[in-house]
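Novice: sequence and computational prediction follow.
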Amino acid sequence: MNGRLRFGWPCVLVVSLGVSGCSDEVPVEEVPELTVTIVSPEIRMPISGQELVLVRAEPEEEVLGVEFSVDRDGIDSRYDVDLTPPFESVLDTRDLPDGPRELRVTAVGRHGQTAGASVVVLMDNVLPSLEVIAPVPGEVGFVEDGTARFTVRAWDGSGIERLTLSVDDRELTDVTTLEGDVYEGTIDLSAYTDEVGSSLVELGLWALAEDAFGRQSAVAATLTVARRLRWRAVVPAAVAGASAPSPDGRISYIATIQGVVHALDTETGAEICRSSQGPEIYRGPTVSTDGAAVYVGTASGMRAITAAPTCSDLWTARAGEVAQGTPQVHPSNRVIYFTTREGGLHAASPDGEVLWTRADVGLVRSGPTLVPELGLVVVASDDNFLHAVALDGAGNPLDGFFWSAETGAPLEASAALDHHRIYVGSTDFNVYAFDVFDGTRIWDAPFATGRQITTTPFIDGARDVYVTSRDGSCYKLTPERTLVWSYEVPSGIDYSGPVVDEAAGLVFFGETGATGADGMMHGILHALSRETGEAVWTATLDGSLSATPTLIDGTVIVGASSGLVYSFFIDDAAALATLGD
């Protein structure tokens, strides 16, 4: 069947038929029209190996031959000629890539007339191709998330006739076809809750794909399952503010509104010791720079206790009716700075002696902000101002204020320091940026949110600013005041300040929550993508959540009004590093 047809007019030369000649006289006769049809293979038919291509060309007595060609990467490539009916050819598909490909035939008549036909077939000579997209190595499925994804890319030249996804030999019945050749099955992680316990469990995943010829391919993967909740501890009363870690991160100190400080083991949540009950506490504690003492503001003044394992009383500095806000410790001289509602700003020595008081800062609802390099203590006041108090070489305050920066309403949260800038949120709904050297405004106008801001901003290593507002949103701003993203919580109310884990790329803050069907208030811990502001995971807590989360050694720790303290793994790497030991 191998030959070549050549046609010309008025001189015709058919070499492959063994006929040659040329005549100047062309007979005048009616030229029949040719028709050609590809009988086999049919359109979209899967073919492999050596495939018979059968053609019907009519009228047969008029047809000199049929040429066969195939699409080779966009080029029409002739591979055979048949000169006698029935017209057919054998196409060797083994040297052609899998996938849709067009076959073409051209019938040539005795008078030079032609007719063509084509059909697209599915060439398939290899096994189905399978690739696992999710889970990726090192990914953990957390049972609290409810489900995990098993996603594969399955492709075959003739199409995938059947795809099976299974977990531990149990077939997933709900498999969804996504864009392209991607298939996804959902794994119900709640079925493994009891099996997981407080360890890691590896689930065997299996995908099987079958093509139109019955050829099969399989691929295996592993999903590591764990609990996101590392531990949960119970303290006898509502938690007051954020927890404070020891310098080595092994202990987390938790204060309750009833006046007790608890020392919890960061790894297990077990209580190491607790202080005696004292006056009511409104904010979380602070640990001394050497880790030997813990300071907390109470309704009777500043209280100091010894660090774990004793948690015994050291002293109480009585400097006002209510010690407000979280105390701050100077990194070099270990002086403790704290505020009171009626007494203003105070400084106490490490042994509890009140060194001095500055009542002119006015009523204060938050803790001070230290600027050690400049010898400044900055206080957010109820009189609408940030006041900077300058210290001399001995640590005593200079007269007056080094500077005062005005906002539009009372300030209820501490300011945040970033190099030469200081940021504060106001109850006038705005975020302000001031120069820490002289208190001048850096932004031409503050950044406006929808409601009061009563939490302290957070500044990350890239100098971006994160702030939560009582409008129920968390905002990310550039140092130039440009809004990068905002995220609104479902209930529309959040009270916790934000913190950022830069290694994990996550932003954490707490949503006060809403009353559930059980009649209890349930707060929500949110973990957002630092880059996009999209939700990565959430955790529901028993009790309202107003305390800012604390990041300690790969975990995020937060306490609720129910007296429960929670520790969650920040991400997959933290869970694998801890539970995989």
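Specialist: Sure, I can see it. This one's a predicted model, so the numbers in the text were calculated from it and none came from an experiment. Residues are numbered from 1 along each chain as shown.
Novice: CA only for contacts and neighbour counts going forward, please
Specialist: Noted.
Novice: where does the stretch 51-200 of the chain dip in pLDDT?
Specialist: Residues of the stretch 51-200 of the chain meeting the criterion pLDDT under 70: none.
Novice: pLDDT weak spots in the stretch 451-581 of the chain?
Specialist: Low-confidence segments of the stretch 451-581 of the chain, defined by pLDDT under 70, span residues 492, 494, 581.
Novice: for it, which segments count as strands?
Specialist: Under the criterion DSSP state E, counting those that start in this stretch, strands of the stretch 451-581 of the chain are mapped to 458-459, 465-469, 473-477, 483-488, 499-501, 506-515, 521-529, 535-542, 550-552, 555-559, 564-569.
Novice: can you point out the buried residues in the longest one?
Specialist: Read that as strand 506-515. Using 16 or more other C-alpha atoms under 10 Å as the test for burial, strand 506-515 gives 506-514.
Novice: what about the helices in the protein?
Specialist: Using DSSP state H, the helices of the chain run over 193-196, 572-579.
Novice: okay, the ones you listed, which one's buried deepest?
Specialist: helix 572-579 (a mean of 17; mean count of other C-alpha atoms under 10 Å).
Novice: any idea of the angle that one forms with strand 564-569?
Specialist: When axes from the mean of the first three to the mean of the last three C-alpha atoms, to 10 degrees is applied, the directions of helix 572-579 and strand 564-569 differ by 100 degrees.
Novice: and helix 572-579, how far out from the chain middle?
Specialist: 17 Å (C-alpha atoms, centre = their mean, to the nearest Å).
Novice: might one say that H262 is in contact with S276?
Specialist: No: under the criterion of C-alpha atoms under 8 Å, H262 lies out of contact with S276, with a separation of 9.6 Å.
Novice: higher neighbour count, these two?
Specialist: Taking neighbours as other C-alpha atoms under 10 Å, H262 and S276 compare with H262 leading, 22 against 13.
Novice: which residues does the more buried one form beta bridges with?
Specialist: I254, R274 (DSSP bridges).
Novice: against L200, how distant is it?
Specialist: Distance of H262 to L200, given as C-alpha to C-alpha, to the nearest Å: 29 Å.
Novice: hmm, back to that, looking at the helices of the chain, which is nearest to L96?
Specialist: With C-alpha to C-alpha, the closest approach to L96 among the helices of the chain belongs to helix 572-579: 43.8 Å.
Novice: and the contacts of the closest one?
Specialist: 138-140, 198-200, 226, 228, 554-555, 569 (C-alpha atoms under 8 Å, 6 or more residues apart in numbering).
Novice: out of the residues you listed, which end up buried?
Specialist: 139-140, 200, 226, 228, 554-555, 569.
Novice: dump those to JSON lines, plus distance to R358.
Specialist: Below are the buried ones among the contacts of helix 572-579 laid out as JSON lines (distance: C-alpha to C-alpha, whole Å):
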{"residue": "E139", "distance to R358": "53"}
{"residue": "V140", "distance to R358": "52"}
{"residue": "L200", "distance to R358": "55"}
{"residue": "A226", "distance to R358": "52"}
{"residue": "R228", "distance to R358": "46"}
{"residue": "G554", "distance to R358": "40"}
{"residue": "T555", "distance to R358": "38"}
{"residue": "F569", "distance to R358": "42"}
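Novice: what is the nearest of the residues you listed to D428?
Specialist: For those, the nearest to D428 is T555 (34.1 Å; C-alpha to C-alpha).
Novice: look up how far F142 lies from the closest residue to the closest one other than its chain neighbours.
Specialist: Distance criterion C-alpha to C-alpha, 6 or more residues apart in numbering; nearest residue to T555, sequence neighbours excluded, is F569 at 4.5 Å. Shown here: F569 relative to F142, a distance of 10 Å by C-alpha to C-alpha.
Novice: and for the two, which residues touch both?
Specialist: Joint contacts of F569 and F142 (C-alpha under 8 Å, 6+ apart) are R228.
Novice: number of residues surrounding P137?
Specialist: 11.
Novice: nope, I75 is what I was after
Specialist: There are 9 residues near I75, going by other C-alpha under 10 Å.
Novice: give the bridge partners for it, please.
Specialist: Going by DSSP bridges, I75 forms beta bridges with R72.
Novice: roughly how far does it sit from E102?
Specialist: The value you get for I75 to E102, if C-alpha to C-alpha is used, is 10 Å.
Novice: please name the nearest non-neighbouring residue to V175.
Specialist: Per C-alpha to C-alpha, 6+ apart, closest to V175 is G185, 4.5 Å.
Novice: quick one: the one you found from G141, how far?
Specialist: Taking C-alpha to C-alpha, one finds G185 at 14 Å from G141.
Novice: now the terminal residues of stretch 472-487, how far apart.
Specialist: Across stretch 472-487, first to last residue, C-alpha to C-alpha, it's 8 Å.
Novice: what comes up buried for it?
Specialist: 472-477, 479, 481, 485-487.
Novice: cool, and stretch 446-465?
Specialist: So, applying 16+ other C-alpha under 10 Å, buried residues of stretch 446-465: 446-449, 451-459, 464-465.
Novice: what's that stretch in contact with?
Specialist: Contacts of stretch 446-465 (C-alpha under 8 Å, 6+ apart): 411-418, 423-433, 466-471, 475-479, 481, 495-500, 502.
Novice: redo that, cut-off 7 Å
Specialist: Stretch 446-465 has contacts (C-alpha atoms under 7 Å, 6 or more residues apart in numbering) with 412-416, 418, 423-432, 466-471, 476-479, 481, 496-500.
Novice: same thing with stretch 191-200?
Specialist: With C-alpha under 7 Å, 6+ apart, stretch 191-200 has contacts from 143, 224-227, 579.
Novice: before we move on, back to that, adding distance to R149, write the strands of the stretch 451-581 of the chain out as a markdown table.
Specialist: Converted to a markdown table, these look like this (distance: least, C-alpha to C-alpha, whole Å):
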| stretch | distance to R149 |
| --- | --- |
| strand 458-459 | 33 |
| strand 465-469 | 31 |
| strand 473-477 | 28 |
| strand 483-488 | 25 |
| strand 499-501 | 25 |
| strand 506-515 | 21 |
| strand 521-529 | 19 |
| strand 535-542 | 14 |
| strand 550-552 | 28 |
| strand 555-559 | 24 |
| strand 564-569 | 20 |
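Novice: for T440, which of those strands is the nearest?
Specialist: T440 lies closest to strand 465-469 among these, at 18.4 Å (C-alpha to C-alpha).
Novice: given that closest one, what are its sheet partners and their directions?
Specialist: strand 458-459 (antiparallel), strand 473-477 (antiparallel).
Novice: can you give me the angle it makes with strand 506-515?
Specialist: Using the same axes, to 10 degrees, strand 465-469 lies at 0 degrees relative to strand 506-515.
Novice: and strand 465-469 with strand 483-488, angle?
Specialist: 30 degrees.
Novice: so how far is strand 465-469 off the chain centroid?
Specialist: The answer for strand 465-469 is 19 Å, by C-alpha atoms, centre = their mean.
Novice: give the buried residues for that strand.
Specialist: 465-469.
Novice: tell me the confidence at the nearest residue to D438 once chain neighbours are set aside?
Specialist: Among residues not flanking D438 along the chain, W403 sits closest, at 5.9 Å (C-alpha to C-alpha, 6+ apart). Looking at W403, its pLDDT reads 97.
Novice: returning to that earlier point: save the strands paired with strand 465-469 as JSON lines, and put in distance to D351 too.
Specialist: Shown next, in JSON lines, are the strands paired with strand 465-469 (distance: least, C-alpha to C-alpha, whole Å):
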{"stretch": "strand 458-459", "distance to D351": "31"}
{"stretch": "strand 473-477", "distance to D351": "40"}
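Novice: what about P446, distance to P368?
Specialist: Taking C-alpha to C-alpha, one finds P446 at 22 Å from P368.
Novice: can you check A433 too?
Specialist: 17 Å.
Novice: likewise P46?
Specialist: Taking C-alpha to C-alpha, one finds P46 at 75 Å from P368.
Novice: check V234 too.
Specialist: V234 is 30 Å from P368, by C-alpha to C-alpha.
Novice: between the two, who's got more neighbours?
Specialist: Neighbour count, other C-alpha under 10 Å: between V234 and P368, P368 has more, with 28 against 15.
Novice: now do the contacts for the closest residue to P100 other than its chain neighbours.
Specialist: Leaving aside its chain neighbours, P100 sits nearest to L122 (4.5 Å; criterion: C-alpha to C-alpha, 6+ apart). Listed by C-alpha under 7 Å, 6+ apart, the contact partners of L122 are 44-47, 99-101, 157-158.
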